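Enquirer: Predicted structure and sequence below. I'll ask about it afterward.
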Amino acid sequence: MQRTLSIVKPDGVKKNLIGEVIKRFEENGLRVIGLKMIYMDKREAEGFYAVHRGKPFYESLTQFMSSGPSVVMVLEGDNAILKTRELMGATDPREAKEGTLRRQYANNIERNIVHGSDGPETAAFEIGYFFNALELFPY
Ligand code: CDP
Ligand code: MG
């Protein structure tokens, strides 16, 4: 059993994809054990993406992530981190496999509709960034 953090990014919310993303995860055996809508400010987006500080896309990315509401969720299941990333597809939608969420719905490498943690340590950090223990409900 593993946990991961996923986000329907501001572009995904604006494209009415909240349900589609959650459905894809649920259909593939992941359980949503924490869920909320948030509107990150710039500072919160910068903290979330601190690992990317200094990269050329950091400023634009954190502006985009604070440009509208997002839906953040904690997913639980076998191999949840890898499974979520497989369902999302590659960062650049042009490189994402057919049938993945990003291939189907993303506009470009920045506006790629969905986030998923990339490893156990980042998952722990990212879950704790948005959720406390009382907001998670394993079932
Ligand atoms: O989200 P993922 O783990 O697939 O990619 P990342 O390398 O951790 O980058 C985080 C996010 O930054 C991506 O999802 C994109 O929104 C954005 N990004 C970008 O705008 N341009 C890049 N060259 C790489 C990433
Ligand atoms: Mg990443």
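Expert: Great, that's in hand. Ligands and ions are numbered 1, 2, ... in the order given.

Enquirer: how about the helices of the protein, start to end?
Expert: Here the chain has its helices, by DSSP state H, at 10-14, 18-27, 42-48, 58-65, 80-88, 101-105, 120-130.

Enquirer: Ligand 1: which of those is closest?
Expert: Set against ligand 1 and scored by Cβ to the nearest ligand atom, the helices of the chain come closest in helix 58-65, at 4.6 Å. (C-beta placed from N, C-alpha, C; glycine too.)

Enquirer: okay, the helices of the chain in TSV with distance to ligand 1 next?
Expert: Listed next are the helices of the chain as TSV, based on distance: least, Cβ to the nearest ligand atom, whole Å:
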stretch	distance to ligand 1
helix 10-14	9
helix 18-27	14
helix 42-48	10
helix 58-65	5
helix 80-88	7
helix 101-105	8
helix 120-130	9
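
Enquirer: Redo the ones you listed as a markdown table? Include mean pLDDT.
Expert: Compiled in a markdown table, the helices of the chain are given as follows (pLDDT from 0 to 100):
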| stretch | mean pLDDT |
| --- | --- |
| helix 10-14 | 99 |
| helix 18-27 | 98 |
| helix 42-48 | 98 |
| helix 58-65 | 98 |
| helix 80-88 | 98 |
| helix 101-105 | 98 |
| helix 120-130 | 98 |
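
Enquirer: could I get these as TSV with mean neighbour count?
Expert: Formatted as TSV, those follow (neighbours: other Cβ atoms under 10 Å):
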stretch	mean neighbour count
helix 10-14	20
helix 18-27	16
helix 42-48	16
helix 58-65	17
helix 80-88	20
helix 101-105	20
helix 120-130	16
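
Enquirer: Could you dump the ones you listed into TSV and include distance to Glu95?
Expert: Below are the helices of the chain laid out as TSV (distance: least, Cβ to Cβ, whole Å):
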stretch	distance to Glu95
helix 10-14	18
helix 18-27	19
helix 42-48	23
helix 58-65	18
helix 80-88	12
helix 101-105	9
helix 120-130	21
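
Enquirer: Val72 is nearest to which of these?
Expert: helix 120-130 (4.8 Å; Cβ to Cβ).

Enquirer: which other helices and strands contact that closest one?
Expert: In terms of contacts (3 or more Cβ pairs under 8 Å, 6 or more residues apart in numbering; DSSP states H and E), helix 120-130 is packed against strand 2-8, strand 31-38, helix 42-48.
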